[in-house]
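Visitor: sequence first, then the predicted structure, then my questions.
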Amino acid sequence: MFFLWLGCSVIAAAAEAPKPQKWLILHDFDRADIPDNLRGNAGTWNLDPSDPKTEINFILDDSVKHGEKGNSLYLTYKLNPDRSAQCGFWMNLNNLDARDYDHVEFWVKGDPKLGFAKSFKIEFKQPIPGSPDENYKGSYVVTGVTDQWQKISVPLNVMNGIVEWKDLEEFVITLHSRRADVKQGGYYFDDIALVKTGNPGPNIHDQVLATKKKEWEAQRGGEKQAIPEIQKRLVGWPKTALADKASFPADDKEFLMRIARDTWKGLDQLSDKEHGLPLDTVRFSKGSVALADSRIGDYTNITNVGMYLLSIVGAYDLKLITKDEAMARLKTTLTTLEKLPSYNGFLYNYYDTTSAERTSNFVSFVDSAWLTAGMIVVRDAFPELNGRCSAFIKKQDYRFFYDDVEQLMSHGFYVNIKYPSEYQYGSFYTEPRAGSLIAIAKGDVPEEHWFKMTRTFPADYGWQSRSPVNRKEKKVHDVSMIGGYYEWNGVKYVPSWGGSLFEALMPTLIIDEAQYAPDNLGKNDQVHAAMHKKFALEEMKYPVWGMSPCSVPSKDDYSEYGVKMLGSKGYKPGAVTPHVTALALNVAPADAIANFRKLIEKYDVYGEYGFYDSVDPVTGDVAYKYLALDQGMIFVSLANYLGDHCIQRHFANDPMVRKTLPMLKEEKFFE
């Protein structure tokens, strides 16, 4: 279903197109040898040369060509019908600078005698600087191939995995057994070229202007003059910058309840009263919460909204608010969500909280999933809202994001270019696995998707932080999959992508992995938490632990931090963020509570609304920010710990989730 929309996106020349401003032939196949017009080599490839049922061959054919002279490239292929197989054709582009072009064009027709698949993929590759084994990729799936010559013209902007079109290494044609409707056949290609049309089309970086917001600001004298009015729209504002360190209870439960109460207060008060939307970011200055020393980020991401819904339920379960108060907040937010502009049943990734306008062209899989998670929990906790939440969930068909060739979920979809993100969520032990579970539970995506996400990458992927152990094919849940794990100091674990506890443990906000996946995810969660502590305290000599993507303490920025060997790629070490401690609370409670206390004792990191976003353990610099996502993770973790897994229980109570959870137990990571 992932490529449902692509047929209408392929640009085939049905009429005479305007004359291009500039033209660069990559390969016209008119010489007797195969090197392309840039004098780069070219040839066929087979992802698994040992597969006897997959092969690809080529000749330069002078009998069938586009135009009167020269040759065409004639490719014949066989794809193994019994397994996933890939083969194709590649051309070396010799680090080509293509910044002056805006389309790639070529002619193609299928062989009517042999038959042919109606779709294939084209792809440019660009080396990632400083990482010789990795490439950026810009690809496009061509559909609607016939037995007549067609001119295919694809805007480079649509091939969105490459940002700056220079240093191009290869052009590749890919045939995939899961995409090809005909497993054996042939194609003719001719005149592969880069073209400057002067009409590059929309770009994924195009901004979406909040015009109503601009008008609202103008009515108040401009953007700067409108800031006090934005502050007035909030439920509240802190009176003090730092909490009294001596005021924290000695009793652990009371200590955690104090953090929960303060964190909820911030989540509640730093939200827009009219629309019931949490603000993404509010930044203060050291020692001051004065408006003149602060910055209000009156925009939000839909994950923030999902976390806000979970937090309202958690606040009610912890008796911090009454049922009437919870219902009032939920109804305000749901009313806003029902009115927001959406695309194909899904909300956009960002909205202005003041004007409720969308400010993004992107529809995100993982963010959509966290909003769905919030709806699932709300409808269990408050049956009175079941109808509204269920109507919202029903509109969402996660097949929209599913790449049924790769069997993975796309990062998302760009509505302005009408094309999905170049990349899929391939790594299993990362935060999107919660979204995958939801998509499977809804029946939108097959269960096999869960087992097709990567546990470890092949050993010849040299960019990995470690080499995989016991990486072999196995069968789980009647699905053939590849397992494997890493080892460090005798400890076995399946890696995340970046080695952060956000990736590892955010799904546990809604999924009790210790209960439902004890021999895989549950065990892995414990290992990652323990190794985070060990690495920070023993290797980095930090007094506190907990690295994850967060605000940069020394400047107004955001960065990714982690424990490198815990991730396949691995982020750099750096700032410590309290939301990691909260996420670890349900995995390693004693360690987490001790770390919370140490953070408060050593650093000025706790304000009226709870922990600020991050601290540099070496310099003591603090990022005096409240981020809705990170505060939400802190509060929901505390709600689960103090409220007997309340959010996890609400999620597991949902009928569609309940029938899917047994699937999680079947895999054993370390066999």
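Guide: Structure's in. What do you need?
Visitor: please name the nearest non-neighbouring residue to the spatially most central residue of the chain.
Guide: The centroid of the chain falls nearest to His411 when counting by C-alpha atoms, centre = their mean (4.6 Å). Of all residues not flanking His411 in the chain, Ser421 sits nearest, at 3.8 Å (C-beta to C-beta, 6 or more residues apart in numbering). All C-beta spots, glycine's among them, are computed from the backbone N, C-alpha and C.
Visitor: repeat that for Tyr101.
Guide: With sequence-adjacent residues excluded and distances taken as C-beta to C-beta, 6+ apart, Tyr101 is closest to Leu194, at 3.9 Å.
Visitor: which parts of the stretch 51-200 of the chain are strands?
Guide: 55-61, 72-78, 86-96, 103-110, 120-128, 131-142, 150-155, 168-176, 184-196 (DSSP state E, counting those that start in this stretch).
Visitor: chain center to the helix or strand that the longest one is followed by: distance?
Guide: Past strand 184-196, heading to the C-terminal end, the next element that is a helix or strand (DSSP states H and E) is helix 211-219. A distance of 32 Å separates the centroid of the chain from that of helix 211-219, by C-alpha atoms, centre = their mean, to the nearest Å.
Visitor: hmm, back to that, out of the strands of the stretch 51-200 of the chain, flag the one nearest His650.
Guide: strand 131-142 (39.4 Å; C-beta to C-beta).
Visitor: which secondary structure elements does the closest one contact?
Guide: In terms of contacts (3 or more C-beta pairs under 8 Å, 6 or more residues apart in numbering; DSSP states H and E), strand 131-142 is packed against strand 120-128, strand 150-155.
Visitor: how about 6 Å then?
Guide: On a contact count with 3 or more C-beta pairs under 6 Å, 6 or more residues apart in numbering; DSSP states H and E, strand 131-142 meets strand 120-128.
Visitor: where does the prediction get shaky in this structure?
Guide: Along the chain, the model assigns pLDDT under 70 to residues 1-18.
Visitor: which segments of it make up each domain?
Guide: What automatic domain parsing lists as the domains of the chain is 6-196, 211-216+242-665.
Visitor: dump those domains to JSON lines, plus distance to Lys224.
Guide: Formatted as JSON lines, these follow (distance: least, C-beta to C-beta, whole Å):
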{"stretch": "domain 6-196", "distance to Lys224": "32"}
{"stretch": "domain 211-216+242-665", "distance to Lys224": "11"}
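Visitor: please enumerate the helices of the stretch 451-600 of the chain.
Guide: Using DSSP state H, counting those that start in this stretch, the helices of the stretch 451-600 of the chain run over residues 501-505, 513-516, 523-534, 578-584, 589-602.
Visitor: now those in JSON lines, with distance to Val618?
Guide: Output for the helices of the stretch 451-600 of the chain, formatted as JSON lines (distance: least, C-beta to C-beta, whole Å):
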{"stretch": "helix 501-505", "distance to Val618": "20"}
{"stretch": "helix 513-516", "distance to Val618": "33"}
{"stretch": "helix 523-534", "distance to Val618": "17"}
{"stretch": "helix 578-584", "distance to Val618": "17"}
{"stretch": "helix 589-602", "distance to Val618": "12"}
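Visitor: of all those, which one is nearest Leu627?
Guide: helix 578-584 (8.5 Å).
Visitor: which strands and helices lie in contact with the closest one?
Guide: By 3+ C-beta pairs under 6 Å, 6+ apart, helix 578-584 packs against helix 501-505, helix 589-602, helix 628-642.
Visitor: what does that helix contact?
Guide: Residues from elsewhere that reach helix 578-584, judged by C-beta atoms under 6 Å, 6 or more residues apart in numbering: 501, 505, 529, 546, 548, 592, 595-596, 611, 630, 633-634, 637.
Visitor: again, 7 Å this time
Guide: Residues outside helix 578-584 that contact it (C-beta atoms under 7 Å, 6 or more residues apart in numbering) are 501-502, 505-506, 529, 546-548, 591-592, 595-596, 599, 611, 630, 633-634, 637-638.
Visitor: also stretch 328-339?
Guide: Outside stretch 328-339, the residues within contact range by C-beta under 7 Å, 6+ apart are 275-277, 305, 308-309, 312, 356, 378, 382, 385, 388, 392.
Visitor: Tyr140 is in contact with Val158, isn't it?
Guide: Yes: with contact defined as C-beta atoms under 7 Å, Tyr140 counts as touching Val158 (6.1 Å).
Visitor: burial of Trp216, as a residue count?
Guide: 16 (other C-beta atoms under 10 Å).
Visitor: can you check the one 3 residues further on too?
Guide: By the criterion of other C-beta under 10 Å, Gln219 has 11 neighbours.
Visitor: number the chain from 658, please
Guide: Got it, the first residue is 658 from now on, which makes the last one we talked about Gln876.
Visitor: from Tyr1008, how far out is it?
Guide: Distance from Gln876 to Tyr1008, counting by C-beta to C-beta, to the nearest Å: 20 Å.
Visitor: and what of Glu982?
Guide: When Glu982 is compared with Tyr1008 (using C-beta to C-beta), they lie 24 Å apart.
Visitor: who's more crowded, the two?
Guide: Tyr1008 (27 against 14).
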